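Q: task: produce atomic coordinates for the following.
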Amino acid sequence: MLELSDVSVAFEGTRAVDGVDLRVADGDVLAVLGPSGCGKSTLLRAVAGLEPATGTIAWDGADLRGTPTHRRGFALMFQDGQLFDHLTVARNVGYAQRLRGLSRAAVRAEVGDLLDLVGLSGYAERLPRTLSGGERQRVALARSLAAKPRLLLLDEPLSALDAGLRVRLAADLRRILVESGTTALLVTHDQDEAFAVADRLAVMRAGRIVQEGPTAEVWAAPADPGTAAFLGYPHVLREDAAATLLRLAGRPPVPGAVVAVRASAVVAGPGEGQPATVRSFRLTPDGARLVVDVDGVGPLDGEGVPGWTAAPGERVAVRVDGGGVALLTPDASGS
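A: As a prediction, the model looks like this:
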């Protein structure tokens, strides 16, 4: 188990990481999710021993203070993969085994197994420059796993890929980590990537962890308005507007409720529902997106029913899916 207790990292007196407490259990994948500049990559580098930190970074109860990077038993995978372009895929993946002095036959067998695991069987003799971005990242992952790390550190591993490939490779990354039983700490700014890969999620803002828990629970119940906004809830409602939205979502009333709502929870179109006025409407490859001024609530981002179009000023009906509505604590102060 990785345990962080009151870990801080400062640069010229400014704290990039501020009093972080985290635990990663054996076999778990924890994602630290936050915007650029929040300190997540600095935290990862501190765990790797690449940045000096205060507090305690421990593995299985043993304090790693003073333990150099190469003796921590961790592997660090960056977003660009950092492959050796002059070596074949097989020699990239087998680099760690050769350093351990394994025989050629043992290296060949391990490399073959790892390439099968990451879906690159038959790529052993290819050079990295002949591969796509996604294939290069698979090679980098196989090379990291070849080192048999007790902890795999992943620094924005998919951020350099296009959106469609990120989605596919995130699912593969989850499968590979589970099948290999690898304990991993992932840092990313991409909510979809974190949700697809991680067992647990820690949301980081301005150097601090503001919420941590099972991924689905954090998604469903953000700790405060600032966390809700980062996790894809564009509106936070209070007072009468919150009460009306809870009613529309079929949720029981809660005195003093603060409510966050996802755009996907608000569906507009003809027919029955809460009256609303269209403020804006646009078609996207994924369907209609609009802003509606909902009677008794106010402006909300939403989606249109399939095959339907509307113009600004048009009166429509809105329905709210309770699954996309989060109840925040009444005194939540995040911004």
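Q: distance of Thr284 relative to Lys148?
A: According to CB to CB, to the nearest Å, Thr284 and Lys148 sit 45 Å apart. Glycine gets a C-beta too; all of them are placed from N, C-alpha and C.
Q: who's more crowded, those two?
A: More crowded of Thr284 and Lys148, by other CB atoms under 10 Å: Lys148, with 14 against 8.
Q: strands of the stretch 1-150 of the chain, start to end?
A: 2-11, 14-24, 29-33, 54-59, 62-63, 74-77 (DSSP state E, counting those that start in this stretch).
Q: the third one - contacts with which helices or strands?
A: In other words, strand 29-33. Counting contacts by 3 or more CB pairs under 8 Å, 6 or more residues apart in numbering; DSSP states H and E, strand 29-33 is packed against strand 14-24, helix 40-48, strand 184-188, helix 191-197, strand 200-205.
Q: so which of those is the most surrounded?
A: strand 184-188 (a mean of 26; mean count of other CB atoms under 10 Å).
Q: can you give the contact residues for that strand?
A: Residues outside strand 184-188 that contact it (CB atoms under 8 Å, 6 or more residues apart in numbering) are 2, 24, 28-34, 40-41, 43-44, 47, 151-159, 177, 193-194, 197-198.
Q: next, the angle strand 2-11 makes with it.
A: 40 degrees (axes from the mean of the first three to the mean of the last three CA atoms, to 10 degrees).
Q: shaky segments in the stretch 151-300 of the chain?
A: Along the stretch 151-300 of the chain, segments meeting pLDDT under 70 span 160.
Q: just give me the neighbour total for the closest residue in space to Ala198 that isn't next to it in sequence.
A: Spatially, and ignoring its direct neighbours in sequence, Ala198 is nearest to Ala31 (3.6 Å; CB to CB, 6 or more residues apart in numbering). Per other CB under 10 Å, the neighbour tally for Ala31 reads 27.
Q: secondary structure element for Gly313?
A: Taking DSSP states H and E as the definition, Gly313 sits outside all helices and strands.
Q: quick one, what contacts the residue nearest to Leu2 when sequence neighbours are not counted?
A: Once flanking residues are discounted, Leu2 sits nearest to Val24: 4.2 Å by CB to CB, 6+ apart. For Val24, the contacting residues are 1-2, 30, 151, 183-185, 200, by CB under 8 Å, 6+ apart.
Q: at 7 Å instead, please
A: Listed by CB atoms under 7 Å, 6 or more residues apart in numbering, the contact partners of Val24 are 1-2, 30, 183, 185.
Q: of those residues, closest to Ala249?
A: Nearest to Ala249, judged by CB to CB, of the contacts of Val24 is Leu30 at 30.8 Å.
Q: quick check: the closest one vs Gly313, distance?
A: For Leu30 relative to Gly313 (CB to CB), the value is 48 Å.
Q: look at the two and report which has more neighbours.
A: Shown here are Leu30 and Gly313; by other CB under 10 Å, Leu30 has more neighbours (24 against 8).
Q: in contact with the more buried one, which residues?
A: Here Leu30 is in contact with 22, 24, 185, 198, 200, 202 (criterion: CB under 7 Å, 6+ apart).
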